[in-house]
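*Asks:* structure for this input, please:
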Amino acid sequence: MIIDDFELIRDAWTLILQTDGRFEVIDKIGNSAKVEAHIKKKHPDLVLLDINMAPLDGFEVLAIIRKEAPSTKVIAVSLHRQTVYVKKMMKEGANGYVTKNSSAQELIHAIDVVMKGDRYICKEIKNSMAEQALNIETPGVRKLTTRELEVIRFLKQGLSSKQMAEKLGVTVKTIEVHRHNILKKLNVSNSIAAVEVAKAQGLRTYAQLKSETSIEANCL
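*Replies:* Predicted structure coming up:
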C-alpha cells in the first residue's frame, strides 16, 4: 500500500515496484483520512508512508497502522532528512526510513531488508546522523526562545501572522522576524516543516513555557 498525498509520487513508486516484478500494489491512498478504513479492509504486507500529509500526518497514520494491522511493515519515505523525524518514526513503530532523495534501487533494497524482519535507514540519513554526532547539525528546538515556541504553537493552529500579533500584543513585523528565526534555527525552509520538526522533538507544554524566566518573554 502506498500512502502519499501527491499523485505523481504514488504513480512513480508504483512504477518502480511493478518494474521489479516481485511486488503487487494493492492500494494507493492520497487522502490520509481514509487510511483507517483501507488498512482494516486490506491489511497490506508493507506500507510506503509519506510524513507531510493532511488532515492526518505520517505519525498519526503510523499509529493507525500499528493499531489496526500490527504485523504490517512500514517504511517512511519522506523529503525530511532531519534525524528527529527518523528517531520519532522508528520509535513509534516504523521499520524503515528512506528519503525521497534516495534512488529507486535503494528503495527496493530497503523493502527487501524490512520484509526479512530487519530495520533499514537510508544512506542519506546515516550521513546526517554522522554529522549530528560531530555537532554539525543545530540543536533544534532547544535553541528556540519561549516566544518562538509560542509562535510555533500558533502556526500549528493555522493562525496568520496578523492573528498571532494580535494575541501576543506585538506587530506583524515582529512575528515575521520570529518566523524567520525559527526557520533558521531549525534549518528548514517553511513553516510546515518547522512545526513537524518541533513536534518530532517534543514541544514543552504551555504551563512550562509560562514557568520559564519572565525576563526572556518580556524582552521579546
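*Asks:* contacts only, for the residue nearest the centre of the chain.
*Replies:* With distances taken as Cα atoms, centre = their mean, the residue of the chain nearest its centroid is I51 (4.5 Å). For I51, the contact set (Cβ atoms under 8 Å, 6 or more residues apart in numbering) comprises D57, G58, F59, A76, S78, H80, Y85, M89, E196. Where C-beta positions appear, they are placed from N, C-alpha and C, glycine not excepted.
*Asks:* not counting its neighbours along the chain, what's nearest the second one?
*Replies:* Once its chain neighbours are removed from consideration, G58 has its nearest residue in I51; the separation is 3.4 Å (Cβ to Cβ, 6 or more residues apart in numbering).
*Asks:* the one you found and I64: what is the separation?
*Replies:* 14 Å (Cβ to Cβ, to the nearest Å).
*Asks:* ok, back up a step: which one (most neighbours) among the contacts of I51?
*Replies:* Y85 (28 neighbours; other Cβ atoms under 10 Å).
*Asks:* pLDDT below threshold where in this protein?
*Replies:* Scanning the chain for pLDDT under 70 picks out the ranges 130-141, 199-220.
*Asks:* go with 80
*Replies:* For the chain, applying pLDDT under 80 flags the ranges 81-83, 128-143, 193-220.
*Asks:* where exactly do the strands run in it?
*Replies:* 2-3, 28-29, 46-49, 73-78, 96-99, 120-121 (DSSP state E).
*Asks:* in TSV: the ones you listed, plus distance to I108.
*Replies:* Below are these laid out as TSV (distance: least, Cβ to Cβ, whole Å):
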stretch	distance to I108
strand 2-3	14
strand 28-29	18
strand 46-49	11
strand 73-78	11
strand 96-99	10
strand 120-121	11
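*Asks:* which among the ones you listed is found nearest to H178?
*Replies:* strand 73-78 (26.2 Å; Cβ to Cβ).
*Asks:* who does that closest one touch, helix- and strand-wise?
*Replies:* strand 46-49, helix 58-68, helix 83-91, strand 96-99, helix 104-115 (3 or more Cβ pairs under 8 Å, 6 or more residues apart in numbering; DSSP states H and E).
*Asks:* out of these, the one nearest H178 is which?
*Replies:* Judged by Cβ to Cβ, the one of the helices and strands packed on strand 73-78 that comes nearest to H178 is helix 83-91, at 20.6 Å.
*Asks:* tell me what angle the closest one forms with helix 58-68.
*Replies:* 10 degrees (axes from the mean of the first three to the mean of the last three Cα atoms, to 10 degrees).
*Asks:* run the chain-centre distance for helix 83-91.
*Replies:* 8 Å (Cα atoms, centre = their mean, to the nearest Å).
*Asks:* list the buried ones in that helix?
*Replies:* With burial defined by 16 or more other Cβ atoms under 10 Å, the residues of helix 83-91 counted as buried are T83, V84, Y85, V86, K88, M89, M90.
*Asks:* now those residues as JSON lines including distance to G169?
*Replies:* Shown next, in JSON lines, are those (distance: Cβ to Cβ, whole Å):
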{"residue": "T83", "distance to G169": "36"}
{"residue": "V84", "distance to G169": "31"}
{"residue": "Y85", "distance to G169": "34"}
{"residue": "V86", "distance to G169": "38"}
{"residue": "K88", "distance to G169": "34"}
{"residue": "M89", "distance to G169": "38"}
{"residue": "M90", "distance to G169": "41"}
